[in-house]
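Visitor: Pasted the sequence and its predicted model underneath.
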Amino acid sequence: MLFYKLFKDKDGRKVGFVQANEACIEAALLAGMRFFAGYPITPSSEMASVSSEKLPMYGGKFIQMEDEIAAMTAVCGASMAGLKAMTATSGPGFSLKQEAIGYAAMNEIPCVIVNVQRAGPSTGLPTQVSQGDVMQARWGTHGDHPIIVLSPSTVVETADLTFDAFNLAEKYRTPVILLMDETLAHMREKITLPAENELKLVERKRATVPPSDYRSFDTRFGDVPPFEPYGGKYHFHITGLTHDEMGFPIVEPDDVVKAMDRIHRKINNNLDDIVKVKQFQTDDAEILLVSFGTPVRTCLGAMEIGRKEGLKIGVLQLQTIWPFPDKAVLNLAKKIGKIFVVELNMGQIINEVQRASQGKSNIKGINKYDGLFISPDEILSHILESKG
Amino acid sequence: MKSLYEIRFSGSGGQGIITAGMVLGEGASLFDGKYVVQTQSYGPEARGGACKTELIIADYPVNYPKPILADILLAMSQAAYDKYIHEIKDDAFVVVDSSLVQYKPAKGVYPVPITKLAAEEVGLKVTANVVALGVISSLTKIASYEALERALLSRVPRGTEEINKKALALGKKLEFKDNV
Amino acid sequence: MMENIIHDYLRPKKSFPHVWCPGCGDGIVLNAMVRAIHSLGKSKDEVVFVSGIGCSSRAPAYTDFSSLHGIHGRALPFATGIKLANPKLTVVVFSGDGDALAIGGNHFIHACRRNIDITVVVINNNIYGMTGGQASPTMPTGAYGATAPYGNLDRPFDVCKLAAAAGANYVARATAFQFFQLEKCIKEGIEKKGFSVIEAVTPCPSLYSFFNNTGRGVDMLKKLRDRAVTTQKAATLSPAELEDKIVTGVFANENFREYCAGYAELVEKAERSKKNEESL
């Protein structure tokens, strides 16, 4: 049962007043998502509900699995069968999915995982906001692995970054995590979805060699191997074991290094394409607020109020959190002497800001972890306090 | 009219508070062309069956998504009134369901027996949230009646359109007085 | 004379030898599976071979089907994703007793309940082989293993009873000694629309035998032969007589609605409720 309704505007675009959870699925459907496997968990459950209702209308498949792990592995299976696939969860479920996310990274399976962050650790505060999974999104699964993590701050941006997530997943054959939070998930705003002819969708690169010459992880065409789905002339093997181009296990140290380097290189050599940030009034800023997700809006609120009172505040929004936007942070750190990192946790992304800024700026954290959203006053009082 | 309104609807679970917020938000954003952000709270803010939804309706894009001091407060329960009556602006509109809430007469406080009107005039107590919307629309002009009606009809179960329209229209007939 | 077709199904570029120990039953089961698929006239293009982790889970790498060697316990949800995404595929799963019933036990019962058209061969050697001989969920009470130095405290699962009770359409058991029966069960399982479970009881002459002195591969196969009784015969035996027996045969042969078929019906309902957006 849907709790929102979409209308068509005069240009044929779908318009609605919807929650970010709903916007994410509507955008995913437009992005070509045709498989959703889920397991109920607050505060992401609406995504499974909307998918269950809408996917069958789009010729897609929804399945409620028996647990979070099964949902993530089913997504891997469906993507290998050729469908754009996703799942959505929250903290505890995200923890459970980690091994399979590593499998997707290792086997270069395009897929999108939404984590609507709630306060943890453990069951934590299931209905309350947090951004405590920043490091988990990067390093949650074991072993060195490439990952892309995007974080929206508005309902509109949720739709936009959902498109990006699917496109990046397809382009780079990689799992992409959309890191949301409870406040955003249940926030309603107006969205206008692009008409179908306005969409720029990326589809995974297909093989050009004959089946006899196909390799599961062919490196002859660049760092992203061409993909063929199950169920065709191309017979291939994939495995979570460290593997060669054929997908067969390897142990030779040189081969291992070669394989590891490539799956990281395909992301790290394309940072300009992958990493997105937004800057607000940073040109003349003397104080920089660095944030991601919904708290960016509070930073912008604080910027508006602060500037009226003579505080030259600018905001750097990290839309891509992983790979970390080193370049953007360093550039701003060189010219702005004071950086406050605003996050709804006890201090996670601040370590990356400190690393990336190479000591060029004075960096302090503004952290909130009581389960509530942060207000502009709280940010401003930190800024004023530090001024003495 | 102000260019930005901070709005807080609160009451008890089951009164349709969130739905009322959704209808107002959808009406104002999709049909009146305003910038709207609606949030809802769980947890300690809304404990004990309390229920709250907040909206910001503005002429320009909204950054910080939550009200601080309300321009419009709807209080449909005693707990909601007691909790939020102090978090309002000096010129706020406060609509109190006087059939449920003991309130302190003050400038800007508009007592309306919303639930009683829903039961007696509309004939269906659960339309109290819709009656409240009609009252707020008539009193504050925060959203047009047409926009609200369209948003309302796009959400209500089939077969209940007429009674909902009647509930919404009730606000138009009332005369409002703050009791100072 | 049995036609030797296995070489037609081995992956051309895979370097052998395989990982299995001499006397292991996994190769026998793989051969039976390949022959079952061959006898059904299936094209290699339409088959996907999925596994989890463990000795038997290495099998898919050796065959010329498209295949997925997954993570421990999750072969069935991987397979479920593949099958639901493309219901035309024939999806066959190899899973060991630890993989299917311990770490993957929840997936196993839910796959049975869901009754999706997948055939899983549970290769039961009563022990965790790859990790060094630990007690598995089918290890007999009192048997020894690397984590059962004083004898196993736990009672073993009956794979077939579990699968039948959980709602699988087809459930059967054969031992590695009864090659042709095993092939027939796998063939029937693949033919059956719905979830099929074939328990293949196999010897582990390396580790199970190391801890329990059950002899070499041939000894263990002979023992399987001697312990096997048909369901018909079992019906005539007392519980005491059945104590050490392996009951073989078909335990469930049902026709509950298959999941993908159910999904197709659901799609029709969804399409009927589809509405065009009204203009703003």
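Guide: Everything's here; your move.

Visitor: How about the contacts made by whichever residue of chain B sits closest to chain C?
Guide: Proximity of chain B to chain C (CB to the nearest CB) peaks at residue B:30, 6.4 Å away. The C-beta positions use only the backbone N, C-alpha and C, and glycine is treated the same way. By CB atoms under 8 Å, 6 or more residues apart in numbering or on different chains, the contact list for residue B:30 reads A:7, A:15-17, A:190, B:147, B:151, C:280.

Visitor: Next: residue A:181.
Guide: Counting by CB under 8 Å, 6+ apart, residue A:181 has contacts A:116-118, A:129-131, A:293-294, A:344.

Visitor: Please apply the same query to residue C:48.
Guide: Counting by CB under 8 Å, 6+ apart, residue C:48 has contacts A:81, A:230-231, C:65-68, C:79, C:82, C:89-92.

Visitor: In JSON lines: the residues you listed, plus distance to chain B.
Guide: As requested, the contacts of residue C:48 are arranged in JSON lines below (distance: CB to the nearest CB, whole Å):
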{"residue": "A:81", "distance to chain B": "37"}
{"residue": "A:230", "distance to chain B": "42"}
{"residue": "A:231", "distance to chain B": "42"}
{"residue": "C:65", "distance to chain B": "49"}
{"residue": "C:66", "distance to chain B": "46"}
{"residue": "C:67", "distance to chain B": "46"}
{"residue": "C:68", "distance to chain B": "40"}
{"residue": "C:79", "distance to chain B": "38"}
{"residue": "C:82", "distance to chain B": "38"}
{"residue": "C:89", "distance to chain B": "41"}
{"residue": "C:90", "distance to chain B": "45"}
{"residue": "C:91", "distance to chain B": "41"}
{"residue": "C:92", "distance to chain B": "46"}
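
Visitor: quick revisit: max pairwise distance over the contacts of residue B:30: which two?
Guide: Within the contacts of residue B:30, A:16 and B:147 form the most distant pair, 14.6 Å apart (CB to CB).

Visitor: Tell me if stretch A:163-173 is near chain C.
Guide: No: using CB under 8 Å from any CB of the partner chain, stretch A:163-173 never reaches chain C; the gap is at least 15.4 Å.

Visitor: Any part of stretch A:359-377 near chain B?
Guide: Yes: judged by CB under 8 Å from any CB, stretch A:359-377 and chain B are in contact via A:371-373, A:375-377.

Visitor: just for chain C, where's the confidence low?
Guide: C:1-2, C:15 (pLDDT under 70).

Visitor: Contact distance from chain B - what residues of it qualify?
Guide: residue C:280.

Visitor: correct me, but residue C:139 touches residue C:153?
Guide: No: with contact defined as CB atoms under 8 Å, residue C:139 does not reach residue C:153; the gap is 10.1 Å.

Visitor: For the two, indicate the residue with more neighbours.
Guide: Shown here are residue C:139 and residue C:153; by other CB atoms under 10 Å in any protein chain shown, residue C:139 has more neighbours (30 against 9).

Visitor: Quick check: the more buried one vs residue C:157, distance?
Guide: Distance of residue C:139 to residue C:157, computed by CB to CB, to the nearest Å: 10 Å.

Visitor: Residue 27: helix or strand, and which one exactly?
Guide: You didn't pick a chain, so chain A it is. helix A:20-31 (DSSP states H and E).

Visitor: Switch to chain C, please.
Guide: Element membership for residue C:27, per DSSP H and E: helix C:26-39.
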